[in-house]
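>>> Give me coordinates for this.
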Amino acid sequence: MEIYVLLKRTFDTEEAIQLENGQIEEDGAEFIINPYDEYAVEEAIRVRDAQSGTVTVVTVGPEDADKELRTALAMGADQAVRISIEDDIEEADHYSISEVLAGYLKEQTVDLIIAGNVAVDGGSGQVAPRVAELLDIPYVTTITKLELNGTDAVVTRDSEGDTEVIKTSLPLLVTAQQGLNEPRYPSLPGIMKAKKKPLEELELSDLELDEDELAPRLETIERFLPPNKAAGKILEGDLSTQVQELASLLRNEAKVV
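Below is the predicted model:
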């Protein structure tokens, strides 16, 4: 079974984001595998171990993303592919990334594609479904359980506070939700083995894609940090006085009543 994992390099969620001239300051920032993608890597490894086959992790990003790919290899993935587009496409969006990934995957033999439900830096959850549409294969999002029997699949997914069970078939794309599994930590032997596993580097020219047709459809107008939280207020006096003051604050300052 040929299993592919769509992986994204994101800021460490424990890091404070810094902006400079409207741009995210990356110097000195820590990057990690998008947390939802860790569930995808783990599930791919489990399926491979149960069904046999190969797990390939794929990302679109700069050379620095090799670190996150090596982490996935240390977890147990078999091989990795990084597609570099920064010299060809500036400010790539969901459209650009999905077109590039689909362009690569169209040339592969694909049985199962697993991605994270969303990326914690953007949160749109658009790339994976777009890839499935471009490949013309079924997809199921926010899954919490995956069962395979030959080319048949039974998928359980989150559905607005409830669960939904879907029967479908391979080839298939699914996106991993928290609760699907518990991602493993790379072991020391895994880290050592990852250094010798293949990591292929590709560019748009290798995929025969036209950069003009991959121009982003979205334009970022402004980036800004949320306002600092104002200090809280302590109400004094007896209960009746506090209630009156609270009502006044809610009406005149917060303007919520």
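>>> Now do Asp87 against Pro138, distance only.
Per C-beta to C-beta, to the nearest Å, Asp87 is found 34 Å from Pro138. For the C-beta atoms, the positions are set from N, CA and C on the backbone; glycine is no exception.
>>> To clarify, my last question referred to Val257.
49 Å.
>>> one step back: neighbour count winner among Asp87 and Pro138?
Pro138 (16 against 10; other C-beta atoms under 10 Å).
>>> ok, the more buried one - contacts?
Going by C-beta atoms under 8 Å, 6 or more residues apart in numbering, Pro138 touches Ala132, Thr168, Ser169, Leu172, Leu173.
>>> Bridged to the fourth one, which residues?
Beta-bridge partners of Leu172, counted by DSSP bridges, are Leu112.
>>> Touching, it and Ile113? I think so.
Yes - the pair Leu172 and Ile113 qualifies as a contact (C-beta atoms under 8 Å) at a distance of 7.3 Å.
>>> okay, and the common contacts of the two?
Ile137.
>>> more crowded one of the two?
Neighbours of Leu172 and Ile113, each counted by other C-beta under 10 Å, are more numerous for Ile113; the result is 28 against 22.
>>> Do a quick rundown of the helices in the stretch 151-257 of the chain.
Along the stretch 151-257 of the chain, counting by DSSP state H, counting those that start in this stretch, helices occupy 188-194, 204-207, 239-252.
>>> Can I get those helices in a markdown table including mean pLDDT, distance to Gln18 and mean neighbour count?
A markdown table is the format used below for the helices of the stretch 151-257 of the chain (pLDDT from 0 to 100; distance: least, C-beta to C-beta, whole Å; neighbours: other C-beta atoms under 10 Å):
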| stretch | mean pLDDT | distance to Gln18 | mean neighbour count |
| --- | --- | --- | --- |
| helix 188-194 | 93 | 30 | 13 |
| helix 204-207 | 90 | 31 | 15 |
| helix 239-252 | 90 | 33 | 12 |
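>>> can I get the ones you listed in CSV with distance to Glu26?
Formatted as CSV, these follow (distance: least, C-beta to C-beta, whole Å):
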stretch, distance to Glu26
helix 188-194, 24
helix 204-207, 22
helix 239-252, 41
